[in-house]
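[1] Please work out how this folds:
(one chain, ligands or ions: 1)
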Amino acid sequence: MVAGCGPAGALVSYLLARAGVPVLVLEKHADFLRDFRGDTIHPSTLEILDELGLAERFLALPHSKVSSVMLRSTSGQSVTFSLSRVPSKFPYIAFVPQWDFLEFLTAEAQRFPAFTLKRNAEAIDLIQSGGVVSGLRYADADGTHEATATLVIGADGRESRTREAAGLPRIESSPPMDVFWFRVSRRGGEPEAVAGRIGAGKLCVMLNRGDYWQVAYLIPKGGADRIRAAGIEAFRRDVASVALELADRVEEIRDWNDVKLLTVRADRLTRWHKPGYLAIGDAAHAMSPIGGVGINIAIHDAVEAANVLWRALREGRVTDADLARVQQRRERAVRIIQAFQSAVQTGFLKPTLESARPATIPLIARIVARLPILRDMPPRLIAFGVSRPHVESPERAG
Ligand SMILES: Cc1cc2nc3c(=O)[nH]c(=O)nc-3n(C[C@H](O)[C@H](O)[C@H](O)COP(=O)(O)OP(=O)(O)OC[C@H]3O[C@@H](n4cnc5c(N)ncnc54)[C@H](O)[C@@H]3O)c2cc1C
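    Below is the predicted model:
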């Protein structure tokens, strides 16, 4: 059984049910409608959907395609990274609201008789004895229930209750920033790209969601109260001073209710499993938002978990060595991406947020963007991660 139906939980449940493994997935919310999520479906995830025969139907959902990431500073510098040369059938990022993506995946999973999704069902504890997990306690409108399972997969996100109950060792890093998250309208003719804006002590990233921009405005870690205390008018001025094109629209941020705070966290379990339990996705490793890779890394985990486990689960015997293999297949990629995110944070974001001088785009980014031999490396990392898994679990006939 699977706790949590985010990208990791939805896809691992889809794949296991497709291979004929009975799966119960519990989702604590009634729906997937949460604004506080990423929307970026990268080429590697599109390729996985393609391997499953889902890409065409998925891309029929309303979406926008972005094939470049543009950084511009208020001092007039700009660099662009293009995904158009990545070797993929899908050389772009598809922006699909995460709720649409999850509704799509779970609706597709319904065609497998082995798939059951329970909404409004919250995992509250693991059932375990002698260090072995044998099921899950969960609560729904009818009360508290116990369900036994060969394996509990914890895909319940960065605040994972199941990984807490499993008591797995975790190391936490401290990204130097938090994020204010809000929207303003987007005009026809504005760039299709993901737009990064850099000003003196200020940074923001604008994500194209069709008729509006979803804006991530970075602030120094723990600085939210100070910024709120200065008032919404001062905040609007700050936004307009870095995202110059939004100056005539910042009034759309009516008050602080329109501005959500994302406390950025990054961590990683050093052991993703114990007998009868496996953590994947953000439950195993909360990612920093840099590069917008969280969904895609969670999807890669789900694919590898199903690749390794489908046969053992169908036979009803999963060993701890099987679970260790899932971690082995995924951990290196996660560690490399987290190290990359950490280098960007300490080498660029932190000094920029702390500086009062006119902002510049780091020399290294300008060099990389210009040199043909290097310029495709960042887009490739965003497109595929460190390694791109393929679906090895089968679709059970009949
Ligand atoms: C503001 C924000 C912006 C982001 N932007 C991006 C982006 O642009 N691109 C990107 O790739 N990533 C982005 N991310 C990260 C991305 O959303 C996550 O990395 C990704 O969703 C992880 O997937 P997951 O399935 O592991 O966990 P989650 O998406 O967190 O899913 C966990 C699911 O479990 C459910 N759940 C939790 N606890 C329980 C419980 N006890 N019982 C039952 N269900 C439970 C939750 O309701 C949720 O549906 C962003 C994250 C945030 C917060």
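[2] okay, CA-based contacts and neighbour counts for the rest of this
    Fine.
[3] Low-confidence stretches in the protein?
    34-37, 397-398 (pLDDT under 70).
[4] Get me the contact residues on it for the ligand.
    3-9, 26-29, 36-40, 121-124, 155-158, 160-161, 262, 281-283, 287, 289, 292-296, 298 (C-alpha under 6 Å from any ligand atom).
[5] Assign residue 245 to helix, strand or coil.
    Following DSSP: H, G, I helix; E, B strand; the rest coil, the label given to residue 245 is helix.
[6] Give me the neighbour count for it.
    Residue 245 has 12 neighbours, counted by other C-alpha atoms under 10 Å.
[7] The residues of the chain next to the ligand in helices, which ones?
    In this view, these that belong to helices under DSSP state H are 7, 8, 9, 161, 294, 295, 296, 298.
[8] want to throw those into CSV with distance to residue 99 and neighbour count?
    Formatted as CSV, those follow (distance: C-alpha to C-alpha, whole Å; neighbours: other C-alpha atoms under 10 Å):
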residue, distance to residue 99, neighbour count
7, 10, 27
8, 13, 32
9, 14, 29
161, 22, 20
294, 15, 24
295, 12, 23
296, 15, 25
298, 15, 28
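[9] And the helices in the stretch 101-250 of the chain?
    Ranges of helices in the stretch 101-250 of the chain, per DSSP state H, counting those that start in this stretch, are 161-166, 224-229, 232-242.
[10] These: which one's closest to residue 390?
    The closest of these to residue 390 is helix 161-166. By C-alpha to C-alpha, the value is 26.4 Å.
[11] Go through that closest one and flag the buried ones.
    Neighbour counts over helix 161-166 (16 or more other C-alpha atoms under 10 Å) mark 161, 162, 163, 166 as buried.
[12] What about the residue nearest to residue 38 when sequence neighbours are not counted? Give its phi and psi, please.
    Closest residue in space to residue 38, ignoring its immediate chain neighbours: residue 98 at 6.5 Å, by C-alpha to C-alpha, 6 or more residues apart in numbering. The phi and psi torsions at residue 98 (degrees, to the nearest 10) take the values phi -60, psi -30.
[13] thought residue 98 was touching residue 41?
    No: if you go by C-alpha atoms under 8 Å, residue 98 and residue 41 don't touch, sitting 9.0 Å apart.
[14] In contact with the nearest residue to residue 316 once chain neighbours are set aside, which residues?
    Nearest residue to residue 316, sequence neighbours excluded (C-alpha to C-alpha, 6+ apart): residue 150, at 6.3 Å. Contacts for residue 150 (C-alpha atoms under 8 Å, 6 or more residues apart in numbering) come out as 1, 134, 135, 276, 313, 316, 317, 318.
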